[in-house]
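Asker: Whatever this is, show me its structure:
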Amino acid sequence: MICALAASPVAGAPVLEFPVDCTLGTTCYVEDYLDHDASEARKDFACGLNTRDAHGGTDIALLSFDAMERGVDVLAAAPGTVIGTRDSMADTRDANVPSNIACGNGVRIDHGDGWHTQYCHLKLGSISVRQGDKVRAGTVLGQIGLSGQSNHPHLHLSLEHKGKDVDPFAIEGAETCGEDTTQMWADPLPYYDTGFYTAAFANAVPTLEDARTGAKRRTTSKPDQPLVLYGYFYLAKPGDRLEFTARGPGGTIFGHDLDLGNPRKSHMQAYGRRAPAGGWPAGFYEGTVRLMRGDTLIALRHSHITVRD
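Answerer: I've put the predicted structure just below:
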């Protein structure tokens, strides 16, 4: 399913330009949308699953930490005045960041008539605007980082009107599930209902039930144990392709592409390697699983594991 509807915002609402200097489906992707379900369930604007419970914005993610290190600019989505910045938090996977600074390094812009945007998880030292600055759409605000409550490089963009979260993909809400929804983007953005439930490392190939429950998921391992990377995903199409990559202290330990013939509605695939002679070197290992449709990146998940002697 792809929704790409022309922007036609309500009176006074800003028209939004894409806020990252990247190419959707090639060098970045929309990972999570705003959650429209008030219960513990989740529902994006198209009544799909591409969100997290109580998620209040749009996440635009990079493909790798290397891309973050090279630098990817975050751009003002619309003209306005900078009303707040923070540029003091390290780029780390810190699960203990307090909720009041979960945004990490960021910028907040007032667009008038009660409309604000906020740009979160920016790289330490990258913010290039100050409170009181006037910006236009496309002004560089900083770069994507890993500050705040974040475990991979992405921009969290929040849009608010008079203190209430608004979804730029569905300004009226999600009652129509993507049909005749009014987007606020100047150039319509595509939507895919395909995505990942999760991706993780394990020491053996999990069953589908294991993937559902996380029973085989591992964040630490021993040098003599196999390293298996799995992806658990939904609504893939025939001909889609999974790309597995894992890197450790010594570089890439495996890469594998798998063409999906006729995937089930919920599907799991895995790939891995036995430990080499002498065992895996101790240290941090990162895995990525990409879901491709032709040359277009549809979804991606990062995972990591630490090998300890």
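Asker: What strand or helix carries the residue nearest to L16 when sequence neighbours are not counted?
Answerer: Excluding its sequence neighbours, the residue lying closest to L16 (Cβ to Cβ, 6 or more residues apart in numbering) is A77, at 4.3 Å. All C-beta atoms are positioned from the backbone trio N, CA, C, and that covers glycine. Assigned by DSSP states H and E, A77 belongs to no helix or strand.
Asker: who touches A77 in this structure?
Answerer: Contact analysis of A77 by Cβ atoms under 8 Å, 6 or more residues apart in numbering lists P14, L16, E17, F18, P19, T117, A137, L157.
Asker: go with 7 Å
Answerer: L16, E17, P19, T117, A137 (Cβ atoms under 7 Å, 6 or more residues apart in numbering).
Asker: Count the residues that sit near the second one.
Answerer: A count of neighbours around E17, defined by other Cβ atoms under 10 Å, yields 16.
Asker: how much space between it and L155?
Answerer: Computed as Cβ to Cβ, to the nearest Å, the E17 to L155 distance reads 13 Å.
Asker: again, but for the first one
Answerer: Taking Cβ to Cβ as the measure, L16 and L155 are separated by 13 Å.
Asker: Of these two, which one has the most company?
Answerer: Per other Cβ under 10 Å, whichever of L16 and L155 has more neighbours is L155, with 29 against 24.
Asker: Mind telling me what element that one is part of?
Answerer: Using DSSP H and E, L155 sits in strand 154-161.
Asker: That strand pairs with which strands?
Answerer: Paired strands of strand 154-161, with direction, are strand 58-62 (antiparallel), strand 115-122 (antiparallel), strand 164-165 (antiparallel) (DSSP bridges).
Asker: what would those strands look like in a markdown table with distance to G251?
Answerer: Converted to a markdown table, the strands paired with strand 154-161 look like this (distance: least, Cβ to Cβ, whole Å):
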| stretch | distance to G251 |
| --- | --- |
| strand 58-62 | 20 |
| strand 115-122 | 27 |
| strand 164-165 | 42 |
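Asker: Now those strands in JSON lines, please, with extra columns for distance to R301 and mean pLDDT.
Answerer: Conversion of these to JSON lines gives the following (distance: least, Cβ to Cβ, whole Å; pLDDT from 0 to 100):
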{"stretch": "strand 58-62", "distance to R301": "10", "mean pLDDT": "97"}
{"stretch": "strand 115-122", "distance to R301": "17", "mean pLDDT": "98"}
{"stretch": "strand 164-165", "distance to R301": "25", "mean pLDDT": "94"}
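Asker: Of all the ones you listed, which one comes closest to I305?
Answerer: Ranking those by proximity to I305 (Cβ to Cβ) places strand 58-62 first, at 20.1 Å.
Asker: what sits up against the closest one?
Answerer: Contacts for strand 58-62 (Cβ under 7 Å, 6+ apart): 20, 28-34, 68, 72, 144, 152-157, 168, 300.
Asker: Now name the helix or strand holding F254.
Answerer: In the assignment (DSSP H and E), F254 maps to strand 251-259.
Asker: cool, and D35?
Answerer: For D35, there is no helix or strand it lies in under DSSP H and E.
Asker: Surely it and R52 touch.
Answerer: Yes: in this structure D35 lies within contact range of R52 using Cβ atoms under 7 Å: 6.5 Å.
Asker: and S266, how far is that from R212?
Answerer: 8 Å.
Asker: I misspoke; the intended subject was P190.
Answerer: Using Cβ to Cβ, P190 is found at 28 Å from R212.
Asker: Flag the shaky bits of the stretch 1-150 of the chain, pLDDT-wise.
Answerer: Along the stretch 1-150 of the chain, segments meeting pLDDT under 70 span 1-11.
Asker: For it, which segments count as strands?
Answerer: Ranges of strands in the stretch 1-150 of the chain, per DSSP state E, counting those that start in this stretch, are 28-32, 58-62, 73-75, 80-86, 105-112, 115-122, 134-135, 140-143.
Asker: if we compare the ones you listed, which one ends up closest to R93?
Answerer: Each of the strands of the stretch 1-150 of the chain has some distance to R93 by Cβ to Cβ; the shortest is strand 115-122, at 11.4 Å.
Asker: starting at the chain centroid, how far to that closest one?
Answerer: A distance of 15 Å separates the centroid of the chain from that of strand 115-122, by Cα atoms, centre = their mean, to the nearest Å.
Asker: Likewise for stretch 275-283?
Answerer: 31 Å.
Asker: Go through it and flag the buried ones.
Answerer: Using 16 or more other Cβ atoms under 10 Å as the test for burial, stretch 275-283 gives A275, W280.
Asker: Contacts for it, please.
Answerer: So stretch 275-283 is in contact with P223, D224, Q225, P226, L227, G248, P249, G250, V307, R308, D309, going by Cβ under 7 Å, 6+ apart.
Asker: gap between the two ends of that stretch?
Answerer: Counting by Cα to Cα, to the nearest Å, you get 14 Å between the two ends of stretch 275-283.
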